[in-house]
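Undergrad: pasted the sequence and its predicted model underneath.
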Amino acid sequence: YVDLWVGTPPQRQTVIVDTGSGQTAFPCSGCEDCGESYHTDSYFIEADSSTFERLECDACYKGHCAKGKTEAGSSGKESICQVSMSYSEGSKWSAYESRDLAYAG
């Protein structure tokens, strides 16, 4: 496990490092059915970070543009950079790409 401090001001997110994919994910506010009891920390609250930025489709880095889909908790019809991962033991996740300040420690 690694403690990531994400956002301004920082919010702790303890994550398992996936050395095979190059992706790191943790649940954010509005996430539904995200296994809250399995996570060490509370969900990341994007609105509490002054440096949080949800990536638009023209800035997708790892994901793909999903037109007409929205992140959890949104009522709009904007497009998102969608990313997902599934693992051999059966777990999986789907999310949208974002950018924020972070450090490990």
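TA: All right, it came through fine. Residues are numbered from 1 along each chain as shown.
Undergrad: from here on, just use CA atoms for contacts and neighbour counts.
TA: OK.
Undergrad: where does this structure dip in pLDDT?
TA: Applying pLDDT under 70 to the chain picks out residues 68-78.
Undergrad: can you give me the strands in the chain?
TA: Along the chain, counting by DSSP state E, strands occupy 2-6, 11-15, 53-54, 64-66, 80-86, 92-96, 98-99, 102-104.
Undergrad: touching, I16 and L4? I think so.
TA: No. Counting by CA atoms under 8 Å, I16 does not reach L4; the two are 10.3 Å apart.
Undergrad: for these two, indicate the residue with more neighbours.
TA: A direct count of neighbours by other CA atoms under 10 Å for I16 and L4 places L4 higher, at 16 against 12.
Undergrad: what about G22, how many residues nearby?
TA: For G22, the neighbour count with other CA under 10 Å is 8.
Undergrad: look up how far I16 lies from it.
TA: The spacing between G22 and I16, counted by CA to CA, to the nearest Å, is 12 Å.
Undergrad: out of the strands of the chain, flag the one nearest I45.
TA: strand 11-15 (8.2 Å; CA to CA).
Undergrad: measure Q23 to S86 for me?
TA: 12 Å.
Undergrad: sorry, slip of the keys, the one I care about is K62.
TA: Noted for K62: a distance of 15 Å to S86, by CA to CA.
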